[in-house]
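[1] here is my input, please return the structure:
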Amino acid sequence: MSTATIEVQFPGGKRVDARVGDFLIRTDQSVKGGGEASAPEPFDLFLASLATCAGIFALGFCQSRDLPTGGLGLRMVCERDDARRMIRLVRFQLDLPQGFPEKYRAGIVRAMELCAVKRHMNEAPEFAFELSP
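    Numbering: from 1, shown residues only. Predicted coordinates for the structure are as follows:
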């Protein structure tokens with residue numbers, strides 16, 4: 001079994017930053033949430049990870065087949081259940097390049113379905129919280 005570690009820092013206010021390898025990912029809360037809106041909120045980064053993960057699979061599908069990627073675009077639309085304050089549907093809308101071959105349409109969707117973030121949502125890990133001193 002392997003492990004991955006992300007170090008979290010609290011630089012002040014409602015900001016919470018994460019060190020991922022050599023990268024620092026900054027987050028903040030909205031002004032309404034008591035923050036300064038200086039960076040995306042953590043949940044927005046979660047949603048962005050889902051969208052960009054699907055996007056890299058779509059891009060990789062095209063690149064591995066030498067298909068053009070000019071005009072390739074992806075939007076992720078989330079429908080919320082306001083009563084539960086949860087997302088009930090995530091819809092990926094992929095804009096294909098002009099002249100994209102018909103025979104690859106189903107395949108690019110299957111590729112996006114392989115997104116590791118989505119797979120982890122479907123097969124959620126266990127969560128454990130540990131305190132020191």
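
[2] which parts of this structure belong to which domain?
    Listed domain ranges for the chain are 1-39, 41-122 (source: automatic domain parsing).

[3] next, format those domains as TSV and append mean pLDDT.
    As requested, those are exported to TSV (pLDDT from 0 to 100):
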stretch	mean pLDDT
domain 1-39	96
domain 41-122	97
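
[4] winner for burial among those domains?
    domain 41-122 (a mean of 13; mean count of other CB atoms under 10 Å). (Each C-beta comes from the backbone N, C-alpha and C, glycine too.)

[5] span of that one from start to end?
    This stretch, domain 41-122, spans 23 Å end to end (CA to CA, to the nearest Å).

[6] swap in stretch 118-133?
    35 Å.

[7] how far off centre is it?
    The chain centroid and the centroid of stretch 118-133 are separated by 17 Å under CA atoms, centre = their mean, to the nearest Å.

[8] cool, stretch 54-68 as well?
    For stretch 54-68, the distance to the chain centre is 17 Å (CA atoms, centre = their mean).

[9] and the residue nearest the centre of the protein?
    residue 49 (1.5 Å; CA atoms, centre = their mean).

[10] hmm, who's touching the helix or strand where that one lies?
    Per DSSP states H and E, residue 49 falls inside helix 42-64. Helix 42-64 is contacted by residues 16, 25, 27, 40, 67-69, 72, 74, 76, 78, 90, 92, 94, 97, 104, 107-108, 111-112, 114-118, 121 when judged by CB atoms under 8 Å, 6 or more residues apart in numbering.
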